[in-house]
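In: sequence unavailable; structure follows:
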């Protein structure tokens with residue numbers, strides 16, 4: 001958040017050595033509203049929006065979707081992780097699709113009913129393959145508003 005400070009010039013009668021008695025010494029602060037991009041004075045530094053309608057607009061734009069992995073996929077991933085850590089399956093250094101060695105290599109399941117039958121792909125190739133052949137491993141549990149945390153109707 002950008003905060004702009006108002007600089008008050010000293011009165012000509014005031015010498016630099018004199019100390020001011022009483023009053024608010026903090027200069028007035030201004031900031032820019034992230035929604036309407038208007039400059040407004042800050043009554044306190046916690047304020048983010050210039051008005052209530054701007055706050056409501058910002059809350060309506062940020063939605064979160066909560067997804068959960070299905071049990072069959074979690075079981076397959078856990079079983080494969082166990083076999084890799086035990087040394088029964090060796091994680092290769094290169095991607096099977098593009099041959100990249102400088103990226104992280106992940107196991108991509110063909111089918112979660114066969115947990116040890118996998119392709120070893122780099123992250124971009126794995127995402128591309130999952131988009132082209134989705135296996136419905138995650139489901140949408142609920143959608144929440146980003147700022148308030150209230151549940152939103154599915155739709």
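Out: Good, I have the coordinates. Given the structure is predicted, the values throughout are model-derived calculations rather than measurements.
In: pull out the buried positions in the helix or strand hosting residue 120.
Out: When elements are assigned from DSSP states H and E, residue 120 belongs to strand 118-122. By 16 or more other C-beta atoms under 10 Å, the buried positions in strand 118-122 come out as 118, 120, 121, 122. Placement of C-beta: from N, CA and C, glycine included.
In: let's have those residues in a markdown table, adding distance to residue 46 and pLDDT.
Out: As requested, the buried residues of strand 118-122 are exported to a markdown table (distance: C-beta to C-beta, whole Å; pLDDT from 0 to 100):
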| residue | distance to residue 46 | pLDDT |
| --- | --- | --- |
| 118 | 50 | 94 |
| 120 | 49 | 96 |
| 121 | 46 | 95 |
| 122 | 44 | 95 |
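In: just those residues now: which is nearest residue 136?
Out: Residue 136 lies nearest to residue 118 out of the buried residues of strand 118-122, by C-beta to C-beta, at 17.5 Å.
In: any idea which helix or strand comes after the biggest helix by length in the chain?
Out: Longest helix in the chain, counting residues (DSSP state H): helix 71-86. Per DSSP H and E, helix 71-86 leads on to strand 105-109 as the next helix or strand towards the C-terminus.
In: sheet-wise, list the partners of that following strand with their directions.
Out: Under the criterion DSSP bridges, strand 105-109 sits next to strand 118-122 (antiparallel) in its sheet.
In: so who does residue 119 touch?
Out: 96, 97, 107, 108, 110, 129 (C-beta atoms under 8 Å, 6 or more residues apart in numbering).
In: let's go with 6 Å and repeat that
Out: Residues near residue 119 by C-beta atoms under 6 Å, 6 or more residues apart in numbering: 96, 108.
In: that one bridge partners, please.
Out: residue 108.
In: tell me the domain ranges of this protein?
Out: Using automatic domain parsing, the domains assigned to the chain come out as 1-7+26-61, 65-152.
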